[in-house]
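Asker: kindly return the folded structure for what I paste below:
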Amino acid sequence: MKFTLAAAAFAFLASAADAATAKITTSWIVNAGLLPVTTCYYHGEDGKTYFMGDFSDGCRGTKHDWVRQICVDSSKARAHITFSGGTRRCFKQTWRSSECVGTGPESCYKGICPTCSRAEYTPTSCTW
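Answerer: Coordinates of the predicted model:
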């Protein structure tokens, strides 16, 4: 079975989007020395998943008019979203993994194997 970034992203989203509570998920995947593929998603209480951008750390604006900015601070295990009306919702990292989905020795190329980092952030009170 060949490792593909699309398969890993799909499996990650499928496992992350099953809860009705709001959360943020990020991923960072590098396959055989290629440029990393990074993603950030917001999983709303409405059961929908919203792509927030190609990043897994730092602050970004989004294409969604209801979000002013989303920030992920992986070194401090926290994140927050500032909505267009000015309300801010904070999140703490509650899960992290460095395992790649759907990989094994067959996914390595000339001794270079995929590296991954995935994280989930769930709501918490804003203290920063």
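
Asker: stretch 82-92: how far from the chain's middle?
Answerer: 17 Å (Cα atoms, centre = their mean, to the nearest Å).

Asker: for that stretch, buried residues please.
Answerer: Residues 82, 89-91 are the ones in stretch 82-92 that count as buried (16 or more other Cβ atoms under 10 Å). The C-beta positions use only the backbone N, C-alpha and C, and glycine is treated the same way.

Asker: tally of neighbours for the residue nearest to Ile24 when sequence neighbours are not counted?
Answerer: Using Cβ to Cβ, 6 or more residues apart in numbering and skipping residues adjacent in sequence, the residue nearest Ile24 is Tyr121, 4.2 Å away. If you count neighbours by other Cβ atoms under 10 Å, Tyr121 ends up with 28.

Asker: which parts of this structure are helices?
Answerer: 5-16 (DSSP state H).

Asker: from Asp57, how far off is the residue nearest the centre of it?
Answerer: Central residue of the chain (Cα atoms, centre = their mean): Thr26, 1.2 Å from the mean position. Relative to Asp57, Thr26 is positioned 7 Å away (Cβ to Cβ, to the nearest Å).

Asker: which phi and psi does the residue of the chain most remote from its centre have?
Answerer: Within the chain, the residue lying farthest from the chain centre (Cα atoms, centre = their mean) is Lys110, at 28.2 Å. Backbone geometry at Lys110, expressed as degrees, to the nearest 10, gives phi 50, psi 40.
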